[in-house]
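K.L.:
need a 3D model of the sequence below.
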Amino acid sequence: MTYRSRFRRKKIKEKNKSAAIKILATIFTLSLILTIGILALSFTAFNSVTADLPKIEDLHPKESRLTSKVYAADGTLIAEFHGEENRELVSFDDISDNVKTAVLAVEDKNFYTHKGYDPMAIIRAFMVNLQSGRIVEGASTLTQQYIRTIYLSLEQTWNRKLIEAYLAWQLEQRYTKDQIFEHYLNTVYFGEGAYGIQAAAKTYFGVDARDLDLPQAALLAGLPQSPNTLSPFIDMAAAQKRRNHVLDLMVEAKFITSYEAEQAKNAPIILKNKLINTYTFAPYFVEYVKQELIREYGVDTLFGGGLTIYTTIDPKTQKYAEEAMDKVLFDPNDPASAFVAIDPKTGYIKAMVGGKDFTANKFNLATQAKRQPGSTFKVFVLISALENNYSPYMAFRPNGPILLTLPGPDWEVENYFGEQFDVPYMSIFEATKHSVNVVYAQLIARIGAAKVARLAMDMGISTNLDPLPAIGLGGLTTGVSALDMASALATLANKGVHVPPTCVTKIVDKDGNVIFSNVVKGQRVISELTAYRTTRILEQVILGGTGGNAYFGRPAAGKTGTTEYRQDAWFVGYTPDLAAAVWMGHPEAYIKMENIRGERVQGGTFPARMWKAFMEKALEDVEPSNFEKPKDTRVQVLICKDSMKSPVAECPEESLITITVSAGGEPQEYCDIHALPAYPNVTGMPLDQAVQTLEGLGYGVQVLEQPNPNVPSGIVFGQNPDPTKAESFEMIQKGMVVQIAVSQG
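P.N.:
Next up is the predicted model:
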């Protein structure tokens, strides 16, 4: 080849190279222009699209439903209140690292590298869904899932996905990754009503989120995909399979080793016992707290407001109450009982038992049952008498039956089981010790039922009492609760100041604000001296009266109560430090309680023993103390000026005067001027015996023989004056002639 040829070829090559450079330059220029144009159009389109998208600051997050917690007086967690959403917030540092890595592996392993959304995941999901023609694969990050749960609906559309991604991007500009992850773990639903990792940890395993081990964490991390079908409470095999899959994903993400995964896969799934709608500690008290708070704050706040509730219940005292009842009424066929103990100075309910078995019957016998109180209501008659200047040594005829003429129907009264006493008169003091109905019926007739009813309600009886005379013997239109009686007796222990019973000391809302703090507010309803005098009399009920079985070796006062047909039996009592009421009966109806293990049921038997067994334990660490005597013990009492002694029922009104003495210095002998001689009831006696009895007491006798086919011949069937009628007492005089009717057969 010649030099010219070689040169021509070189020139052609150079020309072609120059042309190629020009073409490349042109392509580059056009590409640059096109890129700038696309960017400009993209920026314009982005602004156009995002201009219509919501800003996160303009949205209102859904209100999270938080579980409310209930604590005993010693700080023990005793119950949690929640609706369908059981949620308890927990900080990121208090969540096990096992949980964090397990959730990242199964939900979003790129969480700490993306900006709220994952472009590669979006492209991958887009291609899969495009081929399917519908959304079959998601691309949501943890941030997007949190956005969807808190701000958006659950619909699956591209428009909603776009909004979700945009909001997730905004959220990541405001919070750190750890903060977003913490919010997510406190929000996600794990099934069984558990929202958030803390509630899930407790629901499934009974531990805190910080204590979840690897197998437990993997199981929980797998639940949000389908919590209703993957729950180990529902399908253990499905839950185990899902757990093992999560462990494999953790290995794939290099969060754990294969060895660690195999060890976790072989671990058994041990679940917490599943309890539904019940409480294991003081269940009747917890239910009482719940109902009280619902009335005050409503269902939504209690079951979703995340309240922290501090209560008055003392675990040790509660335990002693339950043990005392089980010790005395140990047979499953025994009647039921109710128990309430109150701190007199604060009104704090320290123990409450409302029945045998809360799971079987949630009706609270301690607060909801309204039962007849029997002779425990004589306490209010006694207090009313002392407040109205009646001397505790004023005397009445103790034997019955008697018929009292009152406004309305006449009232016939006799002593419990027809008991008779071999004395013509008995003081209020002795009648209280021995719970004598006939004396108390005459006393309330003098005082007036309205005063007694008003006083009882002031002292703590919540029932609206009808002012009927029978109230003094516990005959109420509507009964009372054990809580009422404990509260009323606590008023005496607190020197006449009534403090309403309370079950809650403090409530804190989800933000840490104290929304309720109990302030002890007492109101004086009886004088301190009256409370002290009443207490000294009620001490004798335990020391030498019907309440002897309640004695436990330290100063205490109380009163027994048994209804007419033994359908209710009570013991109510107190020390300076604690007041308690015990009721015993059949909750389903008014059923007569026959002998139990060979013993007649009365307030002084089984209820008194339960009260004693409780008090011995509840106060074993409390130094015994006496009831404090007031500094001023001057008291005004009525006496009969004719005898200068305590009056009897027959002393004329004009003979009564008021004197001032020191409490305990009242005249203890009753008036012997106006006291009537003993006047026996001879009905049913043979004629000779009746005449001998009456003449032996100084009475004249007029015998009236009358035919009476219902009475054997020679037996007395009538007597005038009638010893059963209280108004007859005014007719009885020494030397009086008594007419007796004798059957002729």
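K.L.:
quick one: M426 and A239, what's the gap?
P.N.:
75 Å (C-beta to C-beta, to the nearest Å). No exception for glycine: its C-beta is placed from N, CA and C like everyone else's.
K.L.:
those two: which is more packed in?
P.N.:
Using other C-beta atoms under 10 Å, the more surrounded residue of M426 and A239 is A239, with 23 against 20.
K.L.:
which residues does the more buried one contact?
P.N.:
L219, G222, L223, L230, S231, P232, I269 (C-beta atoms under 8 Å, 6 or more residues apart in numbering).
K.L.:
looking at these, which one is closest to R397?
P.N.:
Closest approach to R397 among the contacts of A239 (C-beta to C-beta): S231, at 74.9 Å.
K.L.:
helix/strand/coil for the closest residue in space to K451 that isn't next to it in sequence?
P.N.:
Nearest residue to K451, sequence neighbours excluded (C-beta to C-beta, 6 or more residues apart in numbering): S384, at 5.1 Å. Three-state call for S384 (DSSP: H, G, I helix; E, B strand; the rest coil): helix.
K.L.:
I'd guessed S384 sits against L455; true?
P.N.:
Yes - if you go by C-beta atoms under 8 Å, S384 and L455 touch, sitting 5.4 Å apart.
K.L.:
can you list the weak-confidence ranges in the stretch 251-400 of the chain?
P.N.:
273-279 (pLDDT under 70).
K.L.:
hmm, try it at 80
P.N.:
Confidence mapping of the stretch 251-400 of the chain against pLDDT under 80 gives the ranges 273-280, 300.
K.L.:
what do you get for the stretch 601-745 of the chain?
P.N.:
677-678, 724-736, 745.
K.L.:
all strands of it, in order?
P.N.:
634-640, 656-662, 700-706, 716-720, 737-743 (DSSP state E, counting those that start in this stretch).
K.L.:
including distance to S646, could those go into a markdown table?
P.N.:
A markdown table is the format used below for those (distance: least, C-beta to C-beta, whole Å):
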| stretch | distance to S646 |
| --- | --- |
| strand 634-640 | 6 |
| strand 656-662 | 11 |
| strand 700-706 | 31 |
| strand 716-720 | 29 |
| strand 737-743 | 28 |
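K.L.:
V691 is nearest to which of those?
P.N.:
Using C-beta to C-beta, these put strand 700-706 closest to V691, at 5.1 Å.
K.L.:
so can I have a markdown table of the strands of the stretch 601-745 of the chain showing distance to F606 and mean neighbour count?
P.N.:
Converted to a markdown table, the strands of the stretch 601-745 of the chain look like this (distance: least, C-beta to C-beta, whole Å; neighbours: other C-beta atoms under 10 Å):
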| stretch | distance to F606 | mean neighbour count |
| --- | --- | --- |
| strand 634-640 | 37 | 19 |
| strand 656-662 | 39 | 13 |
| strand 700-706 | 47 | 12 |
| strand 716-720 | 40 | 18 |
| strand 737-743 | 44 | 18 |
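K.L.:
right, and those - which one's nearest P677?
P.N.:
Closest among those, once you apply C-beta to C-beta, is strand 737-743, at 11.4 Å.
K.L.:
what strands line up against the closest one, and which way round?
P.N.:
strand 700-706 (parallel), strand 716-720 (antiparallel) (DSSP bridges).
K.L.:
E419 is nearest to which of the ones you listed?
P.N.:
Here strand 716-720 is closest among those (C-beta to C-beta), at 20.7 Å.
K.L.:
and stretch 100-117, which residues are buried?
P.N.:
Buried positions in stretch 100-117, judged by neighbour count with 16 or more other C-beta atoms under 10 Å: 100-109, 111, 114, 116-117.
K.L.:
what lies in contact with it?
P.N.:
118, 121, 139, 141-145, 165, 168-172, 177, 181, 184-185, 214, 217-218, 220-222, 224-225, 245-246, 249-250, 252-253, 255-256.
K.L.:
one more time with 6 Å, if that's ok
P.N.:
With contact meaning C-beta atoms under 6 Å, 6 or more residues apart in numbering, stretch 100-117 is reached by 118, 141-143, 165, 168-169, 172, 177, 217-218, 221, 246, 249-250, 253, 255.
K.L.:
check stretch 434-446 too.
P.N.:
375, 378, 381, 385, 396, 398, 400, 402, 404, 413, 415, 426, 431, 469, 472-473, 545-546, 649.
K.L.:
what is the mean pLDDT for the helix or strand hosting W570?
P.N.:
Using DSSP states H and E, W570 sits within strand 568-574. Averaging pLDDT along strand 568-574 yields 98.
K.L.:
all helices for the stretch 551-700 of the chain, in order.
P.N.:
Ranges of helices in the stretch 551-700 of the chain, per DSSP state H, counting those that start in this stretch, are 606-618, 687-696.
K.L.:
kindly reformat those as a markdown table containing mean neighbour count and distance to Y320.
P.N.:
Below are the helices of the stretch 551-700 of the chain laid out as a markdown table (neighbours: other C-beta atoms under 10 Å; distance: least, C-beta to C-beta, whole Å):
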| stretch | mean neighbour count | distance to Y320 |
| --- | --- | --- |
| helix 606-618 | 25 | 4 |
| helix 687-696 | 16 | 54 |
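K.L.:
dump those helices to TSV, plus distance to Y310.
P.N.:
Shown next, in TSV, are the helices of the stretch 551-700 of the chain (distance: least, C-beta to C-beta, whole Å):
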stretch	distance to Y310
helix 606-618	21
helix 687-696	68
